[in-house]
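> structure, please.
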Amino acid sequence: MRLGVVSDSHGHVDNTRAAVERLKSLAVDHVLHCGDVGTAEVVQLFSPWPTGFVFGNCDYDRAGLAAAIEAAGQTCYGEFGALQLADKRIAILHSDDRRRFEAAIAGGRFDLVCYGHTHEAALQQHGGTLTLNPGALYRANPHTLAVVDLPELEVDFVSL
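This is a model prediction of the structure:
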């Protein structure tokens, strides 16, 4: 299974459209958006896949975004989500709340923690937990996303 991970689109449709086209070419099966989604139009671009979204600190109209996510048949996790894919326990959050981020990586409850906020791609191992920031689709040079092969947890960063 291939998991696409994106973050920090901030409503920038052109950048997000480029990411979606790249994810299509990479044949991902599922997508996670780690927050600062921005607009309902961004949500709609992810219609080719089951997609889970969390809110970021710049997602001001959370009720509107949640309604758009629900209307698109996607999953809105609020500020923190937990799911299981290919027998891997995965957390998704924005990471602007440092305590929530540290709690997610503590104790080995998750195999993979996907997060955003910093606009910098990062991959680190914390005991049995791999943390992944895919980078950002806005205010980053270059704009990046990540693809995770599950269950192996092999990660590739992709520049747009």
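> who's in contact with residue 151?
Applying CB atoms under 8 Å, 6 or more residues apart in numbering, one finds that residue 151 lies in contact with 1, 86, 87, 88. Heads up, the C-betas are built off the backbone N, CA and C, glycines and all.
> to clarify, my last question referred to residue 88.
Listed by CB under 8 Å, 6+ apart, the contact set of residue 88 reads 111, 112, 150, 151, 153.
> and the furthest pair within these?
Maximum pairwise distance among the contacts of residue 88 (CB to CB): 10.0 Å, between 112 and 151.
> which parts of this structure are strands?
Along the chain, counting by DSSP state E, strands occupy 2-6, 30-33, 51-53, 75-76, 80-85, 88-93, 112-114, 121-126, 129-134, 144-149, 154-159.
> got those as JSON lines, with distance to residue 61 columns?
Shown next, in JSON lines, are the strands of the chain (distance: least, CB to CB, whole Å):
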{"stretch": "strand 2-6", "distance to residue 61": "19"}
{"stretch": "strand 30-33", "distance to residue 61": "16"}
{"stretch": "strand 51-53", "distance to residue 61": "13"}
{"stretch": "strand 75-76", "distance to residue 61": "13"}
{"stretch": "strand 80-85", "distance to residue 61": "19"}
{"stretch": "strand 88-93", "distance to residue 61": "19"}
{"stretch": "strand 112-114", "distance to residue 61": "23"}
{"stretch": "strand 121-126", "distance to residue 61": "27"}
{"stretch": "strand 129-134", "distance to residue 61": "23"}
{"stretch": "strand 144-149", "distance to residue 61": "24"}
{"stretch": "strand 154-159", "distance to residue 61": "29"}
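> would a markdown table of these with distance to residue 103 and mean pLDDT be doable?
Putting these into a markdown table (distance: least, CB to CB, whole Å; pLDDT from 0 to 100) gives the following:
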| stretch | distance to residue 103 | mean pLDDT |
| --- | --- | --- |
| strand 2-6 | 20 | 99 |
| strand 30-33 | 19 | 99 |
| strand 51-53 | 19 | 99 |
| strand 75-76 | 21 | 99 |
| strand 80-85 | 9 | 98 |
| strand 88-93 | 9 | 98 |
| strand 112-114 | 10 | 99 |
| strand 121-126 | 12 | 98 |
| strand 129-134 | 11 | 98 |
| strand 144-149 | 22 | 99 |
| strand 154-159 | 22 | 98 |
